[in-house]
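Trainee: I'll drop the sequence and a predicted model, then ask my questions.
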There are 2 protein chains.
Amino acid sequence: MYKYKVPITIVFIILFLSSEKILAQTKVSHKINPDEYAMIKSNRKDGRFINARGIAQSMLRDEKPKLAYNPNFSRTQFRNWQKKVKEAMKKLMNFPDLKTYNAPSPKMLYVKQKDGYKLQKWEIYPLPHAAVRFLVLVPNKLRRTPSPAVFCITGTGGTKEGMASAPFPFNNKVATTGPYRKKYGKHNKMAVHYAKMGIIAVSVDNPGFGEQADLSNVANRGWVHGAQILAKKLLELGWSYLGYSTFLKTKILKWMEKQPDIDKSKIIVSGLSLGTEPLMTLGVLNPEIFAFVYNDYLCRTRERQLILTKPDSKGYRPIPNHSIIHSVPNFWKYFDFPDIVASLAPRPVLITGGGLVRDIKLVKSAYKKVGEENNFKVNYYNEYSDPKNRSNIKKLPEGISRAAYLRLENVVPSRHFFKNKVAIPWVKSILNMK
Amino acid sequence: MYKYKVPITIVFIILFLSSEKILAQTKVSHKINPDEYAMIKSNRKDGRFINARGIAQSMLRDEKPKLAYNPNFSRTQFRNWQKKVKEAMKKLMNFPDLKTYNAPSPKMLYVKQKDGYKLQKWEIYPLPHAAVRFLVLVPNKLRRTPSPAVFCITGTGGTKEGMASAPFPFNNKVATTGPYRKKYGKHNKMAVHYAKMGIIAVSVDNPGFGEQADLSNVANRGWVHGAQILAKKLLELGWSYLGYSTFLKTKILKWMEKQPDIDKSKIIVSGLSLGTEPLMTLGVLNPEIFAFVYNDYLCRTRERQLILTKPDSKGYRPIPNHSIIHSVPNFWKYFDFPDIVASLAPRPVLITGGGLVRDIKLVKSAYKKVGEENNFKVNYYNEYSDPKNRSNIKKLPEGISRAAYLRLENVVPSRHFFKNKVAIPWVKSILNMK
C-alpha cells in the first residue's frame, strides 16, 4: 500500500497546482456574430427579459417624453408648452440654493493686446468653493457700441484657450487640449473668429477640462478622465454634469449682461459638440438670449440610446454618447433635443452640421408656426448639400452601429469641428452686419 | 528666382508633413510625485478651487449627513430617528408605482435532488418587462418546520449559481463568475453552507451579472461591463442600481414570506461585499427581517470618497468603490453605512470582516441603548483578532491610497470571501440550534 501512496498524492498535487493554468489555456475566446445580437429583443413567448439590459431598454422605450413638441400645437398651446419646457428644465438643472452666499466681485486677472483685439482673463465666484475663469476678447474696433457678444462653448476635451488662441496656464497640453485642436485647431479658434468679426467673444471651459481639470497642470491622463469622475461625484450629490455646467455658465452669462460694452439684447450662444448641451439649457432658461449657433448635427439623444445596440464581435454594445458627462437623471422623461430646439422659436438658430431631415422638419414647423421660418437655418455637410443625397427616414431602425447611425443622420464625423465659414456669415446676417 | 522656389516649397511640405511626428516624439511622458498631490487642497489664499474636482470635493465635505446616528439619542429619539431613516431610504430607493400592473404568479422552473437538499429554480415577474430568477435550496431534513431561511446575496461578479453550486444556464463562465469563485469558490457557496445547516437558503443574482447580464450566454467581456451600462441607464431613468436591486430583492423577500415551508419571523439576510448594500436597504425597509450576516468590513462609504485621493504616478486618483453601480443620488445627504447598521438595532447583526474600531463602537452604542448589546457581533481578520493590533483612530486622514486605507480599516483584502466558518456558528446561535 505505502509504495503507491506517495506517487498518487504527488499526482494530485501536480494536478491541483496546474489546474488553473490548464483552465486558463483552455479558456475559449468567445467571438460573436454582431448581426445576430444587434437588436435587444426577448426570445421568450411572454416578451419578458431575464437580462437587466433588456429590462432597462424596455423601460426607456416605455418612457415617452411628456413634453415632446407637437407640430399640431396652436400658437397658444405652443406658448404654454414653452413655459412648461422652461419649468421642467429648471427642475432638471437643479441649481443650488445660495441665498446666504455673498459672492465676491468678479476680478480681471490680466489683459493682453493681441492682433486686433484685447484678450482679458476674468474670474468669478459662483459657488462658495469655486473660482471659475473665462476669457474675453474685445476687438480694438468694435463694429457697434455697445457691442453684440458671443458666448463660446467648446466641445469635449476642448479648452477656452484653444478657442481664444490664448496661452495655456499649465504645461501639460496632452491632458488639456483634447482631440479637437489636433487637426482643426484653426477652425476651432471660435472666439477669435468672432472677435475678428468685430464683436465681443467670451470663451469658457467645460467642467473638468482644461483649467477646470484636476491635476491638469501636471498629469498626463486620458482626456475625459477628470470630467467623468466629476460627473460621478455630481450625480452622487444629486446634481449632474450638465446641471453644474449650466449653473456656472449662467453666472458668466449674467456677468456679460451687466457689462457696459455689451448689448445685452444681442448675446449669441455658440456651442460646439458637448457645448450644444449647455447652449440648449441656457437658451431655454434665459429667454433674453438673442440667437444660437448649434455646431453639431441635430439628433435625438433618447432615440440614439434605443437604437445604437449592435455589439462588436466581443459583445460590447456601443455606449451612445459614451460618458456619464451627458447623463442627466430624468431628462428623457420630458423631451429630446429637437423638442428643446423647437422651444427656442422664434429666436434665430443655425445648425451647422445637418441631421435627420425628419428632425429638421419638426423644428422648422415650430418656426413656421410663429411666423419666423427664416430664423431657423440648417447647413449640411457638403456630401449632403443636395437633398437627394440625404437619408430621409421617419424612424431610425434599432440594432445599428455608430457608423451606420451617423450615415443615416447625414453626418461626416471626421469633419467634426467649428464651421466658422458657415457660422460667421450667418451671425453677420442676423446682426445686419456686412 | 525660379531656381530656388521649388526646393523651398518642398522643404516646407516636408516640414509640414513631419511636424506631427516631431511633436509626437517630443511628447513628454509626465510622471508626478503622488505624495505631493495626495491631498485635494487649494493653493490659493481664499481657499477656492479652480479645478472642478476640488469644488466637488468641497461640496461633498460640506454635505453633512442629515440623519447621522447620534450616540446621545434617548431611546425615544432613537426610535423616531429609525423611522426617519426608513422614510429617507424609501425615498432614495424610489420604487416604481406599479398599481396597474398585475404580475403573473411565480413559477418553478425545475427541481433537482442534490446531496442532502433539493435545488429549485424559480422565476418571478416584478416589472412589466422582467423575469427574475432565483434558486431555492430546501434541505431534505429541515431542522424545523416551518424553517428559518437565509436570503443569500452575492458580491460583484458573483452569481446565484456560484453560491448554490448550481449548473450555469449559459456556456461562458468568464463573463459570469467574476473574481469571487477563482480561489474561494468553496467558501463562497454561501447558500450550500446554509442548506447543509438544515435551513432553507435562497440564492439571488445582482443586476447585470450572471443570468441578468446582457449577452452573458455568448460574450466574453469585462465582468463588470454589463452592470455599469445598466447603472448608467438606471441613473438616467431617475433610478439607481441599488434602487433597482433592492426593488427586485424585495419582491423575492415577499415571495419567501408567503412560502408555507418558511418561518417568516426567522428570515436572515446574508450579503457578501456588494451584497451588503441591498442587505442594508432591505433591512431598513423591512422590519420583519430577523437578522443580518454582513460579509464585509464595516466602512464609511462617504468618508472613503473624501480621503482616498492619493494619485498614482500618472495622476489617476483612486475611484473609491470603483463603479457607478454604487452610486445613489443624494444617498450621502442622509447617512453613511454605520448609521444604517445602527438603525437595524436591536435585530442581530454579524460583521464578518472587522472595520475601524470607531465605527464598530458607534454601532455597538446603539445596541447598548436598546439593551441588546450581544446582538451586534464583530469578527476581525485573524491578523487583527488581538485588539492591540487594530488601528484605532478617530478620524481617517485625507490623501491616502487604497492599500493604506484598507490597512487602517483592519482589513486583509486578499481574503475577501464569505466567512462560512464565522457565519454558520453565529446563525446557529441566534436560532438556538446546535
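Mentor: Great, that's in hand. Numbering: from 1, shown residues only, chains lettered A, B, ... in the order given.

Trainee: Residue A:356 - nearest residue in space that isn't next to it in sequence?
Mentor: The shortest distance from residue A:356 to any residue other than its chain neighbours is 5.4 Å, reached at residue A:409 (Cβ to Cβ, 6 or more residues apart in numbering or on different chains). Where C-beta positions appear, they are placed from N, C-alpha and C, glycine not excepted.

Trainee: burial of the one you found, as a residue count?
Mentor: 23 (other Cβ atoms under 10 Å in any protein chain shown).

Trainee: Can you show me the CA trace of stretch A:186-198 as PDB?
Mentor: Listed next in PDB are the C-alpha coordinates belonging to stretch A:186-198 (Å, rounded to 0.1, in the frame of the first residue of the first chain):
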ATOM      1  CA  LYS A 186      -7.600  77.000 -36.800                       C
ATOM      2  CA  HIS A 187     -11.300  76.400 -37.300                       C
ATOM      3  CA  ASN A 188     -11.800  75.800 -33.600                       C
ATOM      4  CA  LYS A 189     -10.500  79.200 -32.600                       C
ATOM      5  CA  MET A 190     -14.100  80.000 -32.300                       C
ATOM      6  CA  ALA A 191     -13.700  83.100 -30.100                       C
ATOM      7  CA  VAL A 192     -11.000  84.600 -32.400                       C
ATOM      8  CA  HIS A 193     -13.300  84.200 -35.400                       C
ATOM      9  CA  TYR A 194     -16.000  86.200 -33.700                       C
ATOM     10  CA  ALA A 195     -13.500  88.800 -32.400                       C
ATOM     11  CA  LYS A 196     -12.100  89.300 -35.900                       C
ATOM     12  CA  MET A 197     -15.700  90.000 -37.000                       C
ATOM     13  CA  GLY A 198     -15.600  93.000 -34.700                       C
END
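
Trainee: pLDDT (mean, whole number) over it?
Mentor: Averaging the model's pLDDT scores along stretch A:186-198 yields 95.

Trainee: cool, stretch A:276-290 as well?
Mentor: Regarding stretch A:276-290, the rounded mean pLDDT is 98.

Trainee: In space, what's closest to residue A:433 - neighbours in sequence excluded?
Mentor: Distances taken as Cβ to Cβ, 6+ apart place residue A:143 nearest to residue A:433, at 6.0 Å, with adjacent residues excluded.

Trainee: isn't the one you found right up against residue A:432?
Mentor: No. Under the criterion of Cβ atoms under 8 Å, residue A:143 is not in contact with residue A:432, lying 10.5 Å apart.

Trainee: So the two - more neighbours on which side?
Mentor: Relative neighbour count places residue A:143 above the other of residue A:143 and residue A:432, with 15 against 7, counting by other Cβ under 10 Å.

Trainee: That one falls within a helix, correct?
Mentor: No. Assessed by DSSP: H, G, I helix; E, B strand; the rest coil, residue A:143 does not belong to a helix; its assignment is coil.

Trainee: what separates it from residue A:421, distance-wise?
Mentor: Separation of residue A:143 from residue A:421 (Cβ to Cβ, to the nearest Å): 19 Å.

Trainee: Once you drop chain neighbours, what's closest to residue A:73?
Mentor: Nearest to residue A:73 is residue A:81, by Cβ to Cβ, 6+ apart, at 6.1 Å.

Trainee: May I have the secondary structure class of the one you found?
Mentor: Secondary structure state of residue A:81, per three-state DSSP, is helix.

Trainee: so it touches residue A:72, yeah?
Mentor: No. Using Cβ under 8 Å as the test, residue A:81 is too far from residue A:72 to be in contact (11.4 Å).

Trainee: Compare the two (neighbour count), which wins?
Mentor: The neighbour count for residue A:81 versus residue A:72, taken as other Cβ under 10 Å, is higher for residue A:81 (19 against 8).

Trainee: quick one: that one and chain B, what's the gap?
Mentor: When distance is defined by Cβ to the nearest Cβ, to the nearest Å, residue A:81 is 22 Å away from chain B.

Trainee: quick one: contacts for that residue?
Mentor: Contact analysis of residue A:81 by Cβ atoms under 8 Å, 6 or more residues apart in numbering or on different chains lists A:67, A:69, A:70, A:73, A:343.

Trainee: and the nearest residue to residue A:412 once chain neighbours are set aside, what does it touch?
Mentor: Setting aside the residues directly before and after it, residue A:412 is nearest to residue A:381 in space (Cβ to Cβ, 6+ apart), at 4.5 Å. With contact set as Cβ under 8 Å, 6+ apart, residue A:381 has these partners: A:353, A:354, A:410, A:411, A:412, A:415.

Trainee: and residue A:146, how many neighbours?
Mentor: By the measure other Cβ under 10 Å, the count of residues near residue A:146 is 15.

Trainee: hang on, it packs against residue A:261?
Mentor: Yes. Proximity of residue A:146 to residue A:261 meets the contact threshold set by Cβ under 8 Å, at 5.7 Å.

Trainee: near chain B, which residues of the stretch 1-150 of chain A?
Mentor: Taking Cβ under 8 Å from any Cβ of the partner chain as the test, the list of the stretch 1-150 of chain A residues beside chain B reads A:20, A:27-30, A:32, A:37, A:40, A:42, A:44, A:46-60, A:62-63, A:104, A:125, A:127-133.

Trainee: what about residue A:264, how many neighbours?
Mentor: As a burial measure, residue A:264 scores 17 neighbours (other Cβ under 10 Å).

Trainee: Check for me that it belongs to a strand.
Mentor: Yes. Under the criterion used here (three-state DSSP), residue A:264 sits inside a strand.

Trainee: and the gap between it and residue A:255?
Mentor: Using Cβ to Cβ, residue A:264 is found at 11 Å from residue A:255.

Trainee: show me the contacts for residue A:239.
Mentor: Here residue A:239 is in contact with A:94, A:96 (Cβ under 8 Å, 6+ apart).

Trainee: Can you name the residues of the stretch 251-400 of chain A sitting close to chain B?
Mentor: Proximity of the stretch 251-400 of chain A to chain B (Cβ under 8 Å from any Cβ) is limited to residues A:305, A:311, A:314-317, A:319, A:324, A:327-333.
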